[in-house]
Every structure is written in C-alpha cells, then in structure tokens.
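Trainee: sequence unavailable; structure follows:
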C-alpha cells in the first residue's frame, strides 16, 4: 500500500499478526524485524515486504530477549538456561564465549559502545534477592560482577558513554520501606550514591546523556532530578496531576519529558524547572516517551495510541496512530514503528524538519567566518565561505543556504525565493 504523505501514513503493508508476540526487535541496516514469541520459536521478517527470512544463526529458536547497541554493530541475546551471548551483527559470529549465570535472567542491556552488558530478571521471587549481573566485554576473559539493589527491582538504565548504571527499586512488601534509586560503578560493581526522596513507588528512571544527573518518576505525582554524584536533589519536584509513569531526557540533556496517568505528557526546561509547552494531551495515561534524535520531536504513547509532536510549536505532526505493545522511532529518521496488542507490526512515516548535525553546524559557523578547522591539527585555515556553503547545500538539499546576501536565493525545490534586508536600531543584516 502506498499513501499520500499526509500525517503519519502507512508506507508499506503491516507485517502479519502473531498473537504469541512478546518482543519485536528492528535492525535497520538489514531491513530485518525479529519477532520473539512466548511459546513459539523466533521468526525473522523483511520489513519492506513482510516476507519470512531465514533465522540468523545468532538467534536460536527460543529467545528470552534480544538487544542491540545503537549502531547495530553488537547484539546481545538471552537464552533459556541462564546464558547470555554477544555477537557481531555484521559477521553473525560470537564476540565472547557464552556468559553463564547461576541465577535466573531474562533481560539484558548493552551500552552504546557495546562494551558493557547488564543482565537481570524482571520476575523476582519474594524468597530471593534481586541480583543484577555486569559483564565488561572489553576484558579478554569477561568476569561477572554481581550487585544487589535495594528491594524489589523495578528497572534500570545503563549510561551510553560512562561507567554508571542506575537501578530503581520499590519495597518488597507494600508499605514497608522506601523506594530507592541507586547509581553503581559498572567497572567495580560498587554503589556510589542512593536516593530515597520520593513519597511513593518509583515507576521510571533514567540517566542524563552525560550521566551527571538522574530523573526518577513516582506515583507521588512528581519527578525528581538529582545529582548522580552526590544524590542531592536539583531544584523543586516537577509535578503532574497523577502518578508519573515515564521519563526521558532530550538528546542534549537540556530538557526532560514526563508522561503521567493524568493523560498528559509534559516537556520541562531543566535550566528553569518550568514547562516548555502546554500539556500534550492523550486519551489515556502516557506510558512511553521517546525524543527524536534531532531533539525537535517527541513520540508519546499510551497502551492504545501514539502521536508525534513538534516541540517548537507544541502541535502534533501526526494523527493518532494505533499502538499497543510499543512504539518507537525507526527504522530511519522519518519512520515510526508500532506493535499492536494482537502482534501486528505497522510502519508509519512523518516528515521531520531537516537539521544540521553538530559537526556540520560547526563547519557552517567556521565557514561563515571564512575559516575552517584543520581536523588533524589545532589550527584554522582560510577557506572561501561559498565553498563550505556549497558543500553543505549539496549534503542537505532540504535546507536553505544564503550564499550571497546581495542576490536573491532560491529554495531547494526552486519554488520560492527570498531576499530581505533588515534595517533596525542596533541591528542590520539578513534574517
């Protein structure tokens, strides 16, 4: 099926439903969707056609979980029998011998570099303590480090670039004890700080991109932001009208998105502690949030619907999208994938505003100044601005680059032109 580029159109056929679906993992580099079942073997599907594919050798018939690092160079799997495996996705060969555990595990997480693997179980027995295993895959012979978080482990978050791990736990027996979030050093397995400032259960938590702060969301209707180094709360709580069920940092760490059972998502400016926008309203509690990698868009989802919002305007850029077991950005920068309750996988497309990445933005600033940084030596060399602008214009065909302020500039699709000189007190130049 091919649709007009209206907000969030389906851009190919949904992948056939499977009521036994428990987890779906997408691999953009090979157009592969791996669907795990509760009782049935894993199946591999081609995302553009839905055709069945042979199961790669690194995915045995029955898997408990599969995760990949962001660039899909490494994949970790959990199999029955308390084993974890780490693979090269390109060669489909193991990168380490099977990693054995003498305690139940059914969940795992990889850091961005694929150098640290964390394993745990989300099915804790009252009679046994919660255990989390940490493997340093950079070691020639990886050794297991065990940590024991306080209470009933609710979830964790692994820092993409540092040696910090966040765990958050609630009392094993209701009403007895406090909800506690803890930060651990993955290299040593030592706890470095703990936080117990919430008045009710912790539902979600995450580390900031630079791993210096932590945000925890609670049933006490609040989100607390606190230091990952000292455990001190940073500023007043961020409040909702109901229990807060999800929280996530923006890619630059300057903003925080929160989702609540009060059927709203909010975006907070962490410099001021104030909301950036009016509440983003849903028809049910908001259980999942994800920032687009550009930082401009936010995906919000409940158990039945999802939507993408433009954070510059606070307006939706898609209609409501059917959701269920999960929604996420990808595959690709302009796609959304939704997993329905009946095991169907659907893909939708939206149109993100083009933006420069940080290195190209630096090139643009330097080029307008008439210089370019030598990337091999810390020196600036002269360069004609039009050379840099022409190169960037070729790489970003949807962006306007005003190469000569004295002449009219044409839009990327040649349908519009602009020429406007601004004269105002204390200001003169192009806008």
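Mentor: Arrived safely, thanks for sending. Just so it is clear, the model here is predicted, and its values are computed rather than measured. Residues are numbered from 1 along each chain as shown.

Trainee: and residue 166, what pLDDT?
Mentor: As predicted, residue 166 sits at a pLDDT of 96.

Trainee: what's the local residue count around it?
Mentor: 23 (other C-beta atoms under 10 Å). From N, CA and C alone the C-beta is placed, and that goes for glycine too.

Trainee: now name the helix or strand holding it.
Mentor: Using DSSP states H and E, residue 166 maps to strand 164-170.

Trainee: tell me the helix or strand right after that strand.
Mentor: strand 180-185.

Trainee: mind listing what's buried in the next helix or strand after that next one?
Mentor: Per DSSP H and E, the first helix or strand lying C-terminal to strand 180-185 is strand 191-195. Across strand 191-195, burial judged by 16 or more other C-beta atoms under 10 Å covers 191, 192, 193, 195.

Trainee: what do you get for stretch 31-49?
Mentor: 32, 33, 34, 35, 36, 37, 42, 43, 44, 45, 47.

Trainee: then stretch 222-242?
Mentor: 222, 223, 224, 225, 226, 228, 231, 237, 238, 240.

Trainee: among these, which are in helices?
Mentor: In helices, defined here by DSSP state H, there are no members of the buried residues of stretch 222-242.

Trainee: any chance of the residues you listed in JSON lines, plus distance to residue 99 and pLDDT?
Mentor: What follows is the buried residues of stretch 222-242, written out as JSON lines (distance: C-beta to C-beta, whole Å; pLDDT from 0 to 100):
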{"residue": "222", "distance to residue 99": "38", "pLDDT": "97"}
{"residue": "223", "distance to residue 99": "35", "pLDDT": "97"}
{"residue": "224", "distance to residue 99": "34", "pLDDT": "97"}
{"residue": "225", "distance to residue 99": "34", "pLDDT": "97"}
{"residue": "226", "distance to residue 99": "32", "pLDDT": "96"}
{"residue": "228", "distance to residue 99": "27", "pLDDT": "95"}
{"residue": "231", "distance to residue 99": "31", "pLDDT": "95"}
{"residue": "237", "distance to residue 99": "40", "pLDDT": "96"}
{"residue": "238", "distance to residue 99": "38", "pLDDT": "97"}
{"residue": "240", "distance to residue 99": "40", "pLDDT": "97"}
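
Trainee: closest to residue 135 out of those?
Mentor: Residue 135 has its nearest neighbour among the buried residues of stretch 222-242 in residue 228, at 21.7 Å by C-beta to C-beta.

Trainee: does that closest one touch residue 184 like I think?
Mentor: No - checked against C-beta atoms under 8 Å, the pair residue 228 and residue 184 is beyond contact range at 10.4 Å.

Trainee: quick check: mean pLDDT across stretch 243-252?
Mentor: 95.

Trainee: what residues of it count as buried?
Mentor: 243, 244, 245, 246, 247, 248, 249, 250.

Trainee: inside strands: which ones of those?
Mentor: 244, 245, 246, 247, 248, 249 (DSSP state E).

Trainee: just flag the most distant two among those.
Mentor: 245 and 249 (16.2 Å).

Trainee: give me the distance from stretch 176-190 to the chain's centre.
Mentor: 22 Å (C-alpha atoms, centre = their mean, to the nearest Å).

Trainee: ok, and what's touching it?
Mentor: 116, 118, 134, 136, 145-147, 149-151, 158, 163-171, 191-196, 198, 200-202, 205, 214, 216, 218, 228, 231 (C-beta atoms under 8 Å, 6 or more residues apart in numbering).

Trainee: count the neighbours of the nearest residue to residue 332 once chain neighbours are set aside for me.
Mentor: Distances taken as C-beta to C-beta, 6 or more residues apart in numbering put residue 28 closest to residue 332, at 6.4 Å, once the chain neighbours are dropped. Using other C-beta under 10 Å, the number of residues around residue 28 comes to 14.
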